[in-house]
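here's my sequence, what's the structure:
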Amino acid sequence: VHQVEEAMPAINQLKELGYNTTVNLMQIAGLPMEDVEDLARIASKYPIDVLYFADSLGSMEPDDVSDTVKALRKHWSGELGFHPHNNMELALLNTVRAMDEGVTWVDGSVLGMGRGPGNARTEYLAMEFESRFGLMMNHTPLLELINKYFKPMQEQFGWGPSPFYYLAGKYGIHPTFIQEMLGDSRYDEEDVLAVIDNLKKVGGKKYKAETLAGARNFYTNEPQGSWDPSGKFKNKEVLVIGSGPGAAKHRYILENFISQVKPVVIALNTQAPVTQDLIDLRTACHPVRLLADNTDHLFLPQDLVLPYSMLPEHLQELYKDTDILDFGLGIREGTFEFHEHWSVIPNTLVLSYTLALLNSGKAKSIFLAGFDGYGIEDPRTVEVNEMFDIYHSTNGVLPLVSVTPTQYRIPQMSIYDPGLWESEAWKK
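Numbers count the residues shown, from 1 in each chain. Model (predicted):
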């Protein structure tokens, strides 16, 4: 209501200059009808030509459109406009309902292309107008234009409806959250789904970058834990297995290495590039992965190391039936610290957490396998390399070496090198 009132001086100035004026009521879905009526009452006091309402979150259904028009009509007698978003692929259906209710201004875009999930398709609206108003139209030039120019653009930029935008519309989550994640290579599909699940709980109607960051990092309290890892790792060699293709490619030699050298074997999250019975423990800490992977962990045979006592109640409830070793963590930029029951790490990467865990547990040395990297300039590679730089600059950290090919800035030694199989030989 206040935003409408604040816009009115500018509306009056434009009207005096001879311009037609519109006001667009954003994010109207979910507002109580009394508030919608109040907006119409305020708008009716000013010289507005068209009063628009927008389905900003793409969450409206046809009956919602009808109810909104009826509420606006209680105090607004001028022309109405409707701007739909296509999160749930209802933009066209909602527009048709709006026209049935007397809306005379409607928006569309060719192929529905628009930011994020897009809008109603102009070519479909043209076909609707043809039958609705008894027009004779030649659709061929428009379709030729679409095929020649717009379809290549749609393929290039990838805008349009998707399961993620559908869920955002269904749960009233601002589509910018989805757009930001889809444009960030650090988020895979499970991450996006997990963040959506989190935003359902904490609320995502208004986009804020800090809200999205919070879904990736909620370890803001003082670190705490109850498990001392030294009983498991002290003076032992440890093999940490990642999810990169190098681990699967060299699986059989890695399994022989485990059988002969007998390191303690840790797998990250739910990955299993080697036989399950060769894995001793799993580690997890990344908040979105914890949300995504909870069901899988219930059926995995290994104990799971995670900062259980620091999780919010709804996550603790998800993991209550999993065999947990509770090792805490704190997040501090540019820092590794190692303590008996918890560590401080520079980010929420599970690899950072695992390296800190092994240093707190006073392991002997660390082998890495399956940490290939994603390309030198990829943001994920940059993030991990920055973490390794911080690790190596920390006094007294354990030595580590990658035994499969990697793009990261860490020492390498081939798993096929006979010297690697001799205790202590790789250090030399």
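
the helices in the stretch 51-200 of the chain, which residues?
Taking DSSP state H, counting those that start in this stretch, the helices of the stretch 51-200 of the chain run over residues 62-72, 91-100, 122-133, 140-145, 151-157, 163-170, 175-182, 189-202.

where does this protein have low pLDDT?
Applying pLDDT under 70 to the chain flags residues 1-4, 214-218, 423-428.

redo the helices of the stretch 51-200 of the chain as a markdown table? Include distance to Ile376.
Bear in mind the C-beta positions are built from the backbone N, C-alpha and C, glycine included. What follows is these, written out as a markdown table (distance: least, Cβ to Cβ, whole Å):
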| stretch | distance to Ile376 |
| --- | --- |
| helix 62-72 | 49 |
| helix 91-100 | 41 |
| helix 122-133 | 42 |
| helix 140-145 | 40 |
| helix 151-157 | 24 |
| helix 163-170 | 29 |
| helix 175-182 | 23 |
| helix 189-202 | 22 |
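
can you add distance to His339 and mean neighbour count and give the ones you listed back as JSON lines?
Shown next, in JSON lines, are the helices of the stretch 51-200 of the chain (distance: least, Cβ to Cβ, whole Å; neighbours: other Cβ atoms under 10 Å):
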{"stretch": "helix 62-72", "distance to His339": "53", "mean neighbour count": "19"}
{"stretch": "helix 91-100", "distance to His339": "54", "mean neighbour count": "21"}
{"stretch": "helix 122-133", "distance to His339": "61", "mean neighbour count": "15"}
{"stretch": "helix 140-145", "distance to His339": "65", "mean neighbour count": "11"}
{"stretch": "helix 151-157", "distance to His339": "47", "mean neighbour count": "11"}
{"stretch": "helix 163-170", "distance to His339": "39", "mean neighbour count": "21"}
{"stretch": "helix 175-182", "distance to His339": "33", "mean neighbour count": "21"}
{"stretch": "helix 189-202", "distance to His339": "28", "mean neighbour count": "18"}
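
of the ones you listed, which is nearest Asn294?
helix 189-202 (9.5 Å; Cβ to Cβ).

ok, and what's touching that closest one?
Outside helix 189-202, the residues that touch it by Cβ atoms under 8 Å, 6 or more residues apart in numbering are 164, 167-168, 171, 173, 177-178, 181-182, 187, 211-212, 214-216, 287-293, 314.

can you do 6 Å?
Phe164, Leu167, Tyr171, Ile173, Met181, Ala215, Val288, Leu291, Ala292 (Cβ atoms under 6 Å, 6 or more residues apart in numbering).

then stretch 133-140?
Glu130.

what's the first-to-last distance across that stretch?
Stretch 133-140 has its terminal residues 19 Å apart, counting by Cα to Cα, to the nearest Å.

going forward can the numbers begin at 37, since that is how I track them
All set: I'll call the first residue 37, so the last point we hit is now stretch 169-176.

starting at the chain centroid, how far to that stretch?
Chain-centre distance of stretch 169-176: 43 Å, with Cα atoms, centre = their mean, to the nearest Å.

next one: stretch 241-257
11 Å.

and the end-to-end length of it?
Stretch 241-257 has its terminal residues 26 Å apart, counting by Cα to Cα.

run a quick neighbour tally on the closest residue to Val439 other than its chain neighbours.
In space, and not counting its chain neighbours, Val439 is closest to Ile451: 4.2 Å by Cβ to Cβ, 6 or more residues apart in numbering. If you count neighbours by other Cβ atoms under 10 Å, Ile451 ends up with 18.

would you indicate which residues of stretch 326-335 are buried?
By 16 or more other Cβ atoms under 10 Å, the buried positions in stretch 326-335 come out as Leu326, Leu327, Ala328, Asp329, Asn330, His333.

taking the residues you listed, tell me the two that lie furthest apart.
The distance between the two most remote of the buried residues of stretch 326-335 (Cβ to Cβ) is 11.5 Å, for Leu327 and His333.

could you pull out the strands for the stretch 337-464 of the chain?
With strands called from DSSP state E, counting those that start in this stretch, the stretch 337-464 of the chain shows them at 339-342, 360-362, 364-367, 373-374, 378-381, 401-405, 436-438.

just put these in CSV and tack on mean neighbour count.
Below are the strands of the stretch 337-464 of the chain laid out as CSV (neighbours: other Cβ atoms under 10 Å):
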stretch, mean neighbour count
strand 339-342, 22
strand 360-362, 19
strand 364-367, 21
strand 373-374, 18
strand 378-381, 25
strand 401-405, 24
strand 436-438, 20
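
distance to Asn60 added to those, as JSON lines?
What follows is these, written out as JSON lines (distance: least, Cβ to Cβ, whole Å):
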{"stretch": "strand 339-342", "distance to Asn60": "46"}
{"stretch": "strand 360-362", "distance to Asn60": "50"}
{"stretch": "strand 364-367", "distance to Asn60": "40"}
{"stretch": "strand 373-374", "distance to Asn60": "51"}
{"stretch": "strand 378-381", "distance to Asn60": "45"}
{"stretch": "strand 401-405", "distance to Asn60": "54"}
{"stretch": "strand 436-438", "distance to Asn60": "55"}
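
of all these, which lies closest to Ser113?
Among those, strand 364-367 sits nearest to Ser113 (Cβ to Cβ), with 56.2 Å.

for Val59, which three-state class applies?
Under DSSP: H, G, I helix; E, B strand; the rest coil, the three-state class of Val59 is strand.

circling back: looking at the contacts of helix 225-238, which one is closest to Pro68?
Tyr207 (18.9 Å).

what's around the closest one, how many residues?
17.

same check, this time on Met44
The tally of other residues near Met44 (other Cβ under 10 Å) stands at 17.

returning to what we had before: Tyr389: which of the contacts of helix 225-238 is nearest?
Of those, the one sitting nearest to Tyr389 (Cβ to Cβ) turns out to be Val324, at 14.1 Å.

is that closest one in a helix, a strand, or coil?
Assigned with three-state DSSP, Val324 falls in the helix class.

now do the contacts for it.
By Cβ under 6 Å, 6+ apart, the contact set of Val324 is Asp227, Ala230, Val231.

could you find the closest non-adjacent residue to it?
Residue nearest to Val324 in three dimensions, not counting chain neighbours: Ala230, with 4.1 Å by Cβ to Cβ, 6+ apart.
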